[in-house]
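[1] Just to be clear, the model below is a prediction. Sequence and coordinates:
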Amino acid sequence: LSWYTLSEKNNDFFTIEKSSDGKVFSALRTVKGAGTSLARNNYEITDGEPYRGTSYYRLNQTDFDGKKTTHSIVVVHYDVAFSSTVQLYPNPTVGDFEYSSEEEITMVEVVDLTGHVVYRKALSIINREGKIEVAILASGTYIVRFFTISNKVEQLKLVKFQ
């Protein structure tokens with residue numbers, strides 16, 4: 001989920017909410033705002049566990065004084081018949097990980113659960129399998145995005161232990 005602001009005034013934080021029915025929402029994540037800014041600010045998070053079928057998301061913006069603005073609902077369809085063509089191993093891992101794919105992979109990204117890309121590697125030679133050395137990851141849960149030559153993005157959860 002991504003959004004941007006062209007300016008912000010007294011913006012404390014954003015709250016991204018999620019729903020399975022579009023009526024009852026619960027907080028998915030909170031993202032710190034830029035306060036007061038006249039510059040463009042880009043924001044992004046990843047929902048590592050979307051609902052099967054349809055997920056509804058909405059963005060709330062909260063000022064320092066507590067005033068809230070709720071934005072319109074965005075609907076995301078998640079194909080329940082989807083099966084990954086990428087395999088990720090070992091998972092959980094204590095270090096590096098490897099992947100294999102039925103399709104050519106052109107780029108790999110590792111995203112933490114706050115939506116920050118902590119690792120990105122564009123592959124100069126189109127690969128179906130490879131080893132990724134990511135020594136900077138702390139223990140935790142990550143989403144690994146595989147970008148294929150056919151412009152698909154496959155995401156798999158990766159758990160890292162120390």
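    That came in fine, so what should we check first? From a predicted model like this one, the values you see are computed outputs, not experimental measurements.
[2] right, and the helix or strand after the helix or strand hosting Ile16?
    Under the criterion of DSSP states H and E, Ile16 resides in strand 8-19. Tracing the chain past strand 8-19, the next element assigned as helix or strand by DSSP H and E is strand 26-37.
[3] Can you give me the buried ones in that following strand?
    Judged by neighbour count (16 or more other Cβ atoms under 10 Å), strand 26-37 contains these buried residues: Leu28, Arg29, Val31, Gly33, Ala34. Just so you know, the C-beta spots here come from the backbone N, C-alpha and C atoms, and that holds for glycine as well.
[4] Identify the spatial nearest neighbour of the fourth one, chain neighbours not counted.
    Across the structure, with Cβ to Cβ, 6 or more residues apart in numbering as the measure, the residue nearest Gly33 apart from its sequence neighbours is Asn11 (3.4 Å).
[5] Show me the beta-bridge partners of that neighbour.
    Listed by DSSP bridges, the beta-bridge partners for Asn11 are Gly35, Asp63.
[6] so what's Ser88 bridging to?
    Actually, residue 88 is Leu. It isn't Ser. Under DSSP bridges, the beta-bridge partners of Leu88 are Tyr99.
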